[in-house]
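**Student:** I'll drop the sequence and a predicted model, then ask my questions.
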Amino acid sequence: MQSSSSPCYSMLPPRRSVANALLSAFHFAAGLGSGVTSAFLLQPADLLKTRVQQSSSASLSVALKTILAGPSPIQSLWRGTTPSVIRTGAGSALYFGMLNQLRRATSTTTLGADGTSKTKLSNSANLATGAAARALAGFIMSPVTVLKVRYESSLYAYTSLASAAKDIFKTNGAKGFFAGFGATAIRDAPYAGLYVLFYEQSKASLFGHLDIAAPLANFGSGVLAAAAATAVTNPFDAVKTRLQLQPEKYRNAISAAKKMIGEEGAMCLFDGLGIRMARKAISSALAWTVYEELIRRAEDKIVT
């Protein structure tokens with residue numbers, strides 16, 4: 001398959017083990033920073049997506065009008081920010097950290113004239129490493145993800161993370177914190193794999209020959225990659241949301257999908273697609289642009 005390369009995955013010579021260790025730490029820290037930034041700025045979009053997906057009778061306009069007509073509309077739009085920031089920040093840190101390690105393990109390297117080695121990964125390696133890193137990070141962060149979705153939904157009125165955790169454990173036991181993980185993994189693994197593949201191909205094919213700043217190329221590639229990957233994986237996201245909100249009604253991903261289609265029609269699997277696509281395009285592009293720029297600066301300092 002065609003190979004692709006990306007400056008954010010450049011590596012220093014093996015003999016500089018300390019520098020490599022520092023660079024790995026920077027990947028983790030850069031992921032954390034980019035995840036926290038995107039989660040906070042885009043929380044209203046995430047909340048509205050959850051409200052739209054919680055019921056076939058909900059719509060974006062109705063959900064937004066209900067929130068704006070209620071008390072403290074601004075605060076209500078950012079409801080669930082704490083678990084969202086924890087989940088996205090820590091999840092992004094784990095994802096980018098593990099993705100870096102997986103890409104190092106599966107890449108081939110070439111030594112440049114400046115003494116640095118550049119990684120090259122095939123399309124299949126980009127797809128596989130992105131999927132594996134996201135699935136692992138998703139499993140670790142599943143309890144926080146369940147809390148986040150419950151907070152965003154209008155079906156629950158939790159006043160604190162502690163009370164939410166107690167209620168979930170009392171009602172569903174420990175397995176309640178992993179409700180919807182199967183659908184989440186089915187959604188996230190393909191999404192992340194396709195995202196990395198589309199992202200690298202967009203940078204190489206669409207922006208590689210354009211004389212524009214690297215952050216703009218990264219952002220544009222991120223928008224295109226997120227839009228494409230989101231469209232493919234939205235049905236899994238819709239099923240995941242129902243499982244996390246109503247585990248008593250929906251037993252697993254397959255039965256949930258059948259029940260949703262039987263009761264509401266196949267189009268319910270695409271509830272929230274528009275807002276999710278917009279949110280993902282902006283958040284993923286923002287996260288990857290911030291991440292790549294931080295890594296580039298870190299590498300420049302280590303090299304010099």
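**Tutor:** Okay, I see it.
**Student:** when you work out contacts or count neighbours from here on, use the C-alpha atoms and nothing else.
**Tutor:** OK.
**Student:** following whatever helix or strand residue 217 lives in, which helix or strand comes up?
**Tutor:** Under DSSP states H and E, the secondary-structure element containing residue 217 is helix 214-245. Sequence-wise, the next helix or strand downstream of helix 214-245 (DSSP H and E) is helix 253-264.
**Student:** packing partners for the helix or strand following that following helix?
**Tutor:** Next in sequence after helix 253-264, counting helices and strands by DSSP H and E, comes helix 273-303. The contact analysis (3 or more CA pairs under 8 Å, 6 or more residues apart in numbering; DSSP states H and E) places helix 273-303 against helix 17-41, helix 43-53, helix 214-245.
**Student:** got any ranges where the chain has weak pLDDT?
**Tutor:** By pLDDT under 70, the low-scoring segments of the chain are 1-23, 56-57, 109-119, 207-211, 302-304.
**Student:** now with 50?
**Tutor:** Residues of the chain meeting the criterion pLDDT under 50: 1-16.
**Student:** next, residue 246: phi, psi?
**Tutor:** Taking degrees, to the nearest 10, you get phi -140, psi 70 for the backbone angles of residue 246.
**Student:** same check, this time on residue 79
**Tutor:** Backbone torsions for residue 79, taken as degrees, to the nearest 10, come to phi -60, psi 140.
**Student:** mind listing what the nearest residue to it once chain neighbours are set aside touches?
**Tutor:** Residue nearest to residue 79 in three dimensions, not counting chain neighbours: residue 152, with 6.2 Å by CA to CA, 6 or more residues apart in numbering. Counting by CA atoms under 8 Å, 6 or more residues apart in numbering, residue 152 touches 46-48, 50-51, 79-80.
**Student:** ditto for residue 186
**Tutor:** residue 236 are the contacts of residue 186 under CA under 8 Å, 6+ apart.
**Student:** helices or strands up against the helix or strand hosting residue 90?
**Tutor:** In this structure, residue 90 sits in helix 81-106 according to DSSP H and E. On a contact count with 3+ CA pairs under 8 Å, 6+ apart, helix 81-106 meets helix 17-41, strand 117-122, helix 123-140, helix 142-152.
**Student:** buried set for that helix?
**Tutor:** For helix 81-106, burial by neighbour count (16 or more other CA atoms under 10 Å) applies to 81-104, 106.
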